[in-house]
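[1] what's the 3D shape of this:
(chains A and B)
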Number of protein chains: 2
Amino acid sequence: MLSRRDVDVPSLVAAARDGSPRALGRLVSLVENADPALREVMATLAPYAGRARVIGLTGSPGVGKSTSTSMLVRALRRQGQRVGVLAVDPSSPFSGGALLGDRIRLVDHALDDGVYIRSMASRGHLGGLAWATPQALRVLDAAGFDVILVETVGVGQSEVEIAGLADTTIVLLAPGMGDGVQAAKAGILEVGDVFVVNKADRDGADATVRELRHMISLGDRTQPHLWRPPVLKTVADRDQGVEDVLEALEKHRTWMEEQGELERRRLLRASREVEAIALAQLRSRMSGLHGDGVLAEAARQVSEGRTDPYSAADRVVAQLTDDPTHPTTATEEVSR
Amino acid sequence: MLSRRDVDVPSLVAAARDGSPRALGRLVSLVENADPALREVMATLAPYAGRARVIGLTGSPGVGKSTSTSMLVRALRRQGQRVGVLAVDPSSPFSGGALLGDRIRLVDHALDDGVYIRSMASRGHLGGLAWATPQALRVLDAAGFDVILVETVGVGQSEVEIAGLADTTIVLLAPGMGDGVQAAKAGILEVGDVFVVNKADRDGADATVRELRHMISLGDRTQPHLWRPPVLKTVADRDQGVEDVLEALEKHRTWMEEQGELERRRLLRASREVEAIALAQLRSRMSGLHGDGVLAEAARQVSEGRTDPYSAADRVVAQLTDDPTHPTTATEEVSR
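    This is a model prediction of the structure:
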């Protein structure tokens, strides 16, 4: 975690808003590193955010997330939209582990200054990506991108939560992965606004579509007024089906606006963003010089069976919610 | 989140310590549901915990985690050890999405009262599994299991963190997955104490072993006194190589005890457990009646660009670290 005191925030923000990929990259890195300059960055960006459409794209490894992202980027570029991509996925080609084909596709986009692609590295702290992703979104949003695609691997709770930050979430599947049940287990049925069976030229695509429609219809029966997610087919590496996906995105957006759902989701996103920052601040206090002695001593007592984790946590919370600038005697007695 | 006021904690704990799978299941469910009775459960269990060996098993989908878990369970049972398994993996067959072969293997274990297998469902809150997993471990530990295997999917930061809770972490790979670089990206090279290339009867196993050894040796050069993780080969569905794995686990344990590393890791585990509970308490205060109005208003201001998320978080934290039983005027002015 570097503290770069030399960050000239106003210039950096101005350059990012002028479309400088270098400035954008620098800002997202500040987010990833939880740089102290972020506070000023976010204050500067605040008036500009809230305009971009945020589309989540999630699915298990192997369903063709990156290929589908590329397909959508191409289609949105044909409409003249500026597109930002955040790849929140350690297994994504955008993170470096690329197959050659994907790299080539990426290089195509790299020559287009209406596209900015960035993979998010997960920092090694609790809630790392949950903390960083909304802020990275905010950077791209304030920099003037029309659409931001957030690509997440649909495995793991944090990724599902991140997918939930989008205005519209596309869940990708591929035929023959026994998907319906798996998707339900992983909790991605609930987050999907649009389902896409990619690699639809393979055997079993229609069966996967049917299975998904069936599972979705089960949900519908209990909540008849909700959005009914369409199930579409694509062959992303041949751009097949992309018009249907764009149309579904448009319909979902209209529905959200009519229902007040767009505002609800954006409030939720802001709420989670604020909450994640607040929790990180509390956590940092907990790990600080003052709090750490308390935590270390609590951990030792728990580890030795002398107390239970809840009583220990009570003491840590009590300590934390005291005035942290005035350590009590009890704290000073504790040594690490 | 159910509050079951009818939980008879002392009887439940006694039954779990007597080996009742039903009581064990009930206790783990209390953890998953963040039941208020947990406080009493953990206080009751505190003196009994700290005896089990905790072994993490992590790897990408498809490397054979469940098959390897089964192999280890069989081998440990032959040694007469009682074995608990926590499957922290939405894609695990133990979670229900099983291939037939895996189910049959599970049924075998189900008839053996020296084995308890449980999949952990992730609750829909930030840090859900990071919060629940150490407590579920504590339940099995206090119930008297000699070894607890924690199976996690090696994708996503939270899973990597959970793997880090073990005394010893086994990282599983399979040949021909271009693994070295991917493993490094996913951060699993750092958490591995023992590397196992499973499906070693397939082409490319030796190349994967060489690549891993090379990458591990690069790490060694800068930190010559650390444990040098062995790279082993198994064919888990034929029990091939399991003796080597057990031997490596034994060696690692001896090394940890000699170096004081075992105590260090257990303190870290207790520290994370306490921290996760403390954070959840703070978070719950934030979402409570009192705090939620503040958070909702903060989110609205951020969403409308009237403030930035850091300033908003400052206000939430300030509110939270006041005495929560005495809401200030500022709070009462806020309406949702």
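[2] taking the mean pLDDT, what do you get for stretch A:305-324?
    Average pLDDT, stretch A:305-324: 83.
[3] Same check on stretch A:276-291?
    The average pLDDT for stretch A:276-291 rounds to 74.
[4] buried stuff in that stretch?
    By neighbour count with 16 or more other C-beta atoms under 10 Å in any protein chain shown, stretch A:276-291 contains the buried residues A:A276, A:I277, A:A278, A:L279, A:A280, A:Q281, A:L282, A:R283, A:R285, A:M286, A:H290, A:G291. Glycine gets a C-beta too; all of them are placed from N, C-alpha and C.
[5] Which members of the residues you listed define the maximum pairwise distance?
    Longest distance between any two of the buried residues of stretch A:276-291 is 22.5 Å, between A:A276 and A:H290; criterion C-beta to C-beta.
[6] these two touch, right, A:A312 and B:V274?
    Yes - assessed by C-beta atoms under 8 Å, A:A312 is found in contact with B:V274 at 4.6 Å.
[7] shared neighbours of these two, anything?
    A:A298, A:A299, A:V302 (C-beta atoms under 8 Å, 6 or more residues apart in numbering or on different chains).
[8] Contact partners for the residue lying closest to the first one once chain neighbours are set aside?
    With C-beta to C-beta, 6 or more residues apart in numbering or on different chains as the criterion, A:A298 has its nearest non-adjacent residue at 3.8 Å, and that residue is A:A312. Applying C-beta under 8 Å, 6+ apart to A:A312 gives the contacts A:A298, A:A299, A:Q301, A:V302, B:V274, B:I277.
[9] Would you map the helices across the stretch 101-250 of chain A?
    Using DSSP state H, counting those that start in this stretch, the helices of the stretch 101-250 of chain A run over residues A:128-142, A:157-163, A:179-186, A:188-191, A:205-222, A:242-259.
[10] Now do the first one, average pLDDT.
    Confidence for helix A:128-142, expressed as mean pLDDT, is 86.
[11] which strands and helices sit next to that helix?
    When contacts are defined as 3 or more C-beta pairs under 8 Å, 6 or more residues apart in numbering or on different chains; DSSP states H and E, helix A:128-142 sits against helix A:9-17, helix A:21-32, helix A:38-45, strand A:83-88, strand A:147-153, helix A:157-163, helix A:261-287, helix B:309-321.
[12] would you turn the buried residues of stretch A:276-291 into JSON lines with distance to chain B?
    Formatted as JSON lines, those follow (distance: C-beta to the nearest C-beta, whole Å):
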{"residue": "A:A276", "distance to chain B": "7"}
{"residue": "A:I277", "distance to chain B": "4"}
{"residue": "A:A278", "distance to chain B": "4"}
{"residue": "A:L279", "distance to chain B": "6"}
{"residue": "A:A280", "distance to chain B": "8"}
{"residue": "A:Q281", "distance to chain B": "5"}
{"residue": "A:L282", "distance to chain B": "5"}
{"residue": "A:R283", "distance to chain B": "6"}
{"residue": "A:R285", "distance to chain B": "9"}
{"residue": "A:M286", "distance to chain B": "6"}
{"residue": "A:H290", "distance to chain B": "13"}
{"residue": "A:G291", "distance to chain B": "10"}
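[13] any idea which of the residues you listed is closest to A:L86?
    Of all these, A:A276 has the smallest distance to A:L86: 15.6 Å, by C-beta to C-beta.
[14] Count the neighbours of the spatially closest residue to the closest one that is not a sequence neighbour for me.
    In space, and not counting its chain neighbours, A:A276 is closest to A:W131: 4.4 Å by C-beta to C-beta, 6+ apart. Around A:W131 there are 24 other residues, counting by other C-beta atoms under 10 Å in any protein chain shown.
[15] pretty sure A:W131 contacts A:A280?
    Yes - assessed by C-beta under 8 Å, A:W131 is found in contact with A:A280 at 5.5 Å.
[16] low pLDDT regions in chain A?
    A:1-5, A:89-111, A:121-128, A:154-164, A:177-188, A:219-225, A:288-292, A:322-336 (pLDDT under 70).
[17] Can you give the domain ranges for chain A?
    A:49-259, A:288-333 (automatic domain parsing).
[18] sec struct for A:Q81, please.
    coil (DSSP: H, G, I helix; E, B strand; the rest coil).
[19] OK, contacts around it?
    Neighbour list for A:Q81: A:G114, A:D146, A:V147 [criterion: C-beta under 8 Å, 6+ apart].
[20] what phi and what psi does the backbone show at it?
    Phi and psi for A:Q81, reported as degrees, to the nearest 10, are phi -90, psi 150.
[21] show me the contacts for A:L140.
    Residues near A:L140 by C-beta under 8 Å, 6+ apart: A:L24, A:V28, A:A52, A:G84, A:L86, A:Y116, A:I148.
[22] Name the nearest residue to the first one, sequence neighbours excluded.
    Right, A:L24. Distances taken as C-beta to C-beta, 6+ apart place A:A16 nearest to A:L24, at 4.9 Å, with adjacent residues excluded.
[23] Run a quick neighbour tally on A:S217.
    A:S217 has 10 neighbouring residues, counting by other C-beta under 10 Å.
[24] Ignore what I typed, I meant A:R210.
    Neighbourhood size, A:R210 [other C-beta under 10 Å]: 12.
[25] same question, A:F195
    27.
[26] Which residue, other than its chain neighbours, is closest to it?
    Leaving aside its chain neighbours, A:F195 sits nearest to A:V231 (4.4 Å; criterion: C-beta to C-beta, 6+ apart).
[27] I'd assumed A:R213 was in contact with that neighbour.
    Yes - between A:V231 and A:R213 there is a contact at 5.2 Å, judged by C-beta under 8 Å.
[28] more neighbours, these two?
    A:V231 (22 against 16).
[29] where's the more buried one relative to A:L173, distance?
    9 Å (C-beta to C-beta, to the nearest Å).
[30] just A:E250 next, same as before
    Counting by C-beta to C-beta, the gap from A:E250 to A:L173 is 22 Å.
[31] Comparing those two, which shows the higher neighbour count?
    Ranked by neighbour count (other C-beta under 10 Å), A:E250 and A:L173 place A:L173 first, with 28 against 11.
[32] Make sure the more buried one is actually in contact with A:F195.
    Yes - A:L173 lies in contact with A:F195 (C-beta under 8 Å); the separation is 6.9 Å.
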